[in-house]
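Asker: A predicted structure for the sequence below; I have some questions about it.
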Amino acid sequence: MDLIVENLAAIDDKLSHRHIDLDPGGYFIIYLDKDARLIYAKHFTNVIDDRGLAIDPETGKVIPAREKVERTYTTVFSARTAKELCVKIFEEIQPSPVTQLDHAAYLGREFVRAEVALITGQEYVQD
């Protein structure tokens with residue numbers, strides 16, 4: 001059983017390091033409020049330049065991927081479950097702030113991971 005888990009973890013780790021095109025509709029920062037038992041997703045807008053980099057539409061500067069950046073979110077979504085969060089973002093908001101299918105799939109996976117962490121009391125760190 002441990003070998004299977006290790007193999008799955010290795011596959012997941014490898015896929016987490018692949019190149020992905022950024023969504024011109026923006027990005028989300030996902031976090032938990034364990035006391036309120038809610039999953040939150042803050043949506044931030046961006047512009048994708050000709051190099052494929054996310055640009056802050058207010059400053060015109062590149063948004064660094066691995067640094068903390070002070071930006072103002074456009075919308076904050078909250079829900080009790082991954083499914084409820086997906087319905088709010090993909091069905092109730094038109095047009096949806098998510099414009100690419102791979103981004104939608106990524107968010108669905110992250111929302112499930114966040115829900116599991118909320119239920120089990122584990123720490124959640126967005127991939």
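Answerer: Happy to help now that I have it.

Asker: this structure: helices as residue ranges?
Answerer: Secondary structure of the chain (DSSP state H): helices at 2-16, 82-86, 101-120.

Asker: in a markdown table: the ones you listed, plus mean pLDDT, distance to Ala65 and mean neighbour count.
Answerer: C-beta here means a position set from N, CA and C on the backbone, and glycine is covered the same way. Output for those, formatted as a markdown table (pLDDT from 0 to 100; distance: least, C-beta to C-beta, whole Å; neighbours: other C-beta atoms under 10 Å):
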| stretch | mean pLDDT | distance to Ala65 | mean neighbour count |
| --- | --- | --- | --- |
| helix 2-16 | 82 | 13 | 9 |
| helix 82-86 | 98 | 23 | 19 |
| helix 101-120 | 97 | 14 | 16 |
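
Asker: mind putting the ones you listed in TSV, distance to Asp49 included?
Answerer: What follows is the helices of the chain, written out as TSV (distance: least, C-beta to C-beta, whole Å):
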stretch	distance to Asp49
helix 2-16	24
helix 82-86	29
helix 101-120	18
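
Asker: among the ones you listed, which is nearest Ala54?
Answerer: Minimum separation from Ala54 across these (C-beta to C-beta) falls at helix 101-120, 12.2 Å.

Asker: of the helices of the chain, which is nearest Ile55?
Answerer: Comparison of the helices of the chain against Ile55 by C-beta to C-beta identifies helix 101-120 as nearest, at 17.0 Å.
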